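**Student:** below are the sequence and a predicted model; questions follow.
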Amino acid sequence: IVSIGLVTLVPQLVEIVLEFGAVQAFKQVIGGLFAATFFFIFQNKNIASSMKEGAMTGIARYFFTGRPMANQHQTWRDIYSTYWKSHYKPAFFLGTAYVIYTLLALQNGNGKLPMVLVVLSFTAWIITPILFSPLPRWNLIGQDLREFNGFITGGAGSADDEIDEVVSRGKKGTVRSLYECGLAEELCVWSEQHPVMLALRFLVKVAVGFCVLAVLPAEILDFLPLFVVVLGLSWVVIFGYFAAGLNNIFLVLSFLAWFAAIPLGHSVIGGRWCHPNAYTRLPEYVISLAVFLYFLGLAKEFILLLCRAIFTACPCSDKKKGTKRLQECVRMCFVYFFVHQLHTVEAWVVLAANLTVSVVLAAVDQFFCNVHTWFLLNRELARTKHGERYMEKSATFFELDRHRLDGSDLWWSDSDSEVASAPGSASLA
């Protein structure tokens, strides 16, 4: 219970007691404990992601630490573009693993560990940027909601002749849509990372997949053929997406095809699909779907490794044409193997989390005297009323407080008094 992190608060507490008194010391230390916990969990993930990327690529790129201007409101689109790979994607992987663990425990009727730190970690990775985003206002929430929704559903960067521009925008961090954001990452990984590192990562994932198959009960794995059938239906729709000139209607239909899994269950796996009822079989559907998506990702990596070896590693081939063909294969696999679709689902979950947290913070600010703004920034900005801008119609509150109704100023210094009493000095009253 008493960890080393809490023990290190004692010297800080004693120092603030000596400098400002006991009341102020406990107010700062205890009041900032909650915020510091979320901040350092989020910041440690920044460090871990930077170390992982450096180990995988051998390049020490600049990694944004998540500390913009203190009073600058970050849009949800900018937040997602910055943290989708370093925080959101690992959060969903960890959250999915926790859900599978919970469902297995419920199905077997055994107890389970609470895993508070695990839940706190993936929760903090998702909501911390919104918790530390200043000035939660209703008009800004509506603006962010519309902009982020357009970012998710936008089709910028999906054309054949935009691959080079997609890569360039991805490296600069100026992506225009979710499709372009994910495709730029895939193109950089499979075109620029060392093939030996890609092969080693693939082999590790294969070993993990065999361990999963050995551990999971066979009654769960029996549901995998159902998703193979659904995948075939969705591939037909995706073929129509490319044949119809990248029409987003077909891309939406590729999502809806997965809802056919339950009606097709009886035809594929027989009476077990809902015996004794659908609610009882729900954990098996969820776990088997997660396993299927994992092996679908392995199939994608295997195909792209072969394409990398054929188009770029062959010494007799033209490297420029080979790189172009490899990028086209990456673009096709990006949609056929549901990489973009999974990114879309994750983005919608992030949007829902951002909306929920922002609405709570905006309500707290409106009904509790801007307490979030006061806690995050300062009491000066917290005194700005809703619907108004700071210093829009008047001077700062600090300057207004200095001048009393009788014109006296208790905060004047001696130098100010000498200037005011000098001959020809202008009266402020």
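**Tutor:** Received, thanks.
**Student:** count the neighbours of Leu183 for me.
**Tutor:** Other residues near Leu183 come to 27 when the count uses other Cβ atoms under 10 Å. Where C-beta positions appear, they are placed from N, C-alpha and C, glycine not excepted.
**Student:** got the CA positions of the helix or strand harbouring it in CSV?
**Tutor:** Applying DSSP states H and E as the criterion places Leu183 in helix 178-192. The C-alpha atoms that make up helix 178-192 are tabulated as CSV, following Å, rounded to 0.1, in the frame of the first residue of the first chain:
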residue,chain,number,x,y,z
LEU,A,178,-7.9,8.9,-40.3
TYR,A,179,-7.4,6.9,-43.4
GLU,A,180,-4.3,8.9,-44.3
CYS,A,181,-3.0,8.7,-40.7
GLY,A,182,-3.1,4.9,-40.6
LEU,A,183,-1.9,4.4,-44.2
ALA,A,184,1.1,6.7,-43.7
GLU,A,185,2.2,4.6,-40.7
GLU,A,186,1.8,1.3,-42.6
LEU,A,187,3.8,2.6,-45.6
CYS,A,188,6.6,3.8,-43.4
VAL,A,189,6.8,0.5,-41.4
TRP,A,190,6.8,-1.8,-44.4
SER,A,191,8.9,0.4,-46.7
GLU,A,192,11.6,1.8,-44.4
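**Student:** what pLDDT, on average, does it get?
**Tutor:** For helix 178-192, the mean pLDDT works out to 91.
**Student:** mind listing what's buried along that helix?
**Tutor:** 178-191 (16 or more other Cβ atoms under 10 Å).
**Student:** same question for stretch 298-310.
**Tutor:** Those buried within stretch 298-310 under the rule 16+ other Cβ under 10 Å are 298, 300-301, 303-305, 307-308.
**Student:** tell me the one of these nearest Lys321?
**Tutor:** Set against Lys321, the nearest of these by Cβ to Cβ is Cys307 (13.1 Å).
**Student:** who are the contact partners of that closest one?
**Tutor:** Cys307 sits next to 190, 325-326, 329-330 when contact means Cβ atoms under 8 Å, 6 or more residues apart in numbering.
**Student:** that older thread, can you put the buried residues of helix 178-192 in a markdown table and add distance to Lys205?
**Tutor:** Rendered in a markdown table, the data for the buried residues of helix 178-192 read as follows (distance: Cβ to Cβ, whole Å):
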| residue | distance to Lys205 |
| --- | --- |
| Leu178 | 24 |
| Tyr179 | 25 |
| Glu180 | 26 |
| Cys181 | 23 |
| Gly182 | 19 |
| Leu183 | 21 |
| Ala184 | 22 |
| Glu185 | 17 |
| Glu186 | 16 |
| Leu187 | 20 |
| Cys188 | 19 |
| Val189 | 14 |
| Trp190 | 15 |
| Ser191 | 20 |
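**Student:** widest-spaced pair of the contacts of Cys307?
**Tutor:** Those two in these that are separated most widely, counting by Cβ to Cβ, are Trp190 and Arg325, at 11.9 Å.
**Student:** skipping its backbone neighbours, what lies nearest Cys274 in space?
**Tutor:** In this structure, Cys274 finds its nearest non-sequential neighbour in Arg281, 6.0 Å apart by Cβ to Cβ, 6 or more residues apart in numbering.
**Student:** pretty sure that neighbour contacts Arg272?
**Tutor:** Yes. Under the criterion of Cβ atoms under 8 Å, Arg281 lies in contact with Arg272, with a separation of 7.4 Å.
**Student:** picking up where we left off before, by contact count, what packs against the helix holding Leu183?
**Tutor:** If you count contacts as 3 or more Cβ pairs under 8 Å, 6 or more residues apart in numbering; DSSP states H and E, helix 178-192 packs onto helix 138-153, helix 163-172, helix 278-311, helix 319-336, helix 339-367.
**Student:** now the host helix or strand of Ser267 against helix 278-311, angle please.
**Tutor:** Mapping Ser267 onto the secondary structure by DSSP H and E places it in helix 261-269. Computed with axes from the mean of the first three to the mean of the last three Cα atoms, to 10 degrees, the direction of helix 261-269 lies at 80 degrees from that of helix 278-311.
**Student:** packing partners of helix 261-269?
**Tutor:** helix 224-243, helix 278-311.
**Student:** got a list of what His194 touches?
**Tutor:** Under the criterion of Cβ under 8 Å, 6+ apart, the neighbours of His194 are 57-58.
**Student:** residue contacts, Thr344?
**Tutor:** Listed by Cβ under 8 Å, 6+ apart, the contact partners of Thr344 are 152, 178, 255.
**Student:** list just the nearest of the residues you listed to Gly170.
**Tutor:** Relative to Gly170, and with distances defined as Cβ to Cβ, the nearest of the contacts of Thr344 is Leu178, at 12.1 Å.
**Student:** follow-up on the earlier one: now flag whichever of the contacts of Thr344 is closest to Ala363.
**Tutor:** Proximity of the contacts of Thr344 to Ala363 (Cβ to Cβ) peaks at Ile152, which lies at 25.0 Å.
**Student:** state the distance from the closest one to Leu256.
**Tutor:** Using Cβ to Cβ, to the nearest Å, one obtains 17 Å as the distance from Ile152 to Leu256.
**Student:** separation between Asp222 and Gly232?
**Tutor:** On the measure of Cβ to Cβ, Asp222 and Gly232 end up 18 Å apart.
**Student:** counting neighbours, what do you get for Lys320?
**Tutor:** If you count neighbours by other Cβ under 10 Å, Lys320 ends up with 8.
**Student:** next one: it from Glu162, what distance?
**Tutor:** Look at Lys320 and Glu162: by Cβ to Cβ, they are 18 Å apart.
**Student:** farthest-separated two in the buried residues of helix 178-192?
**Tutor:** With Cβ to Cβ as the measure, no two of the buried residues of helix 178-192 lie farther apart than Leu178 and Ser191, at 20.3 Å.
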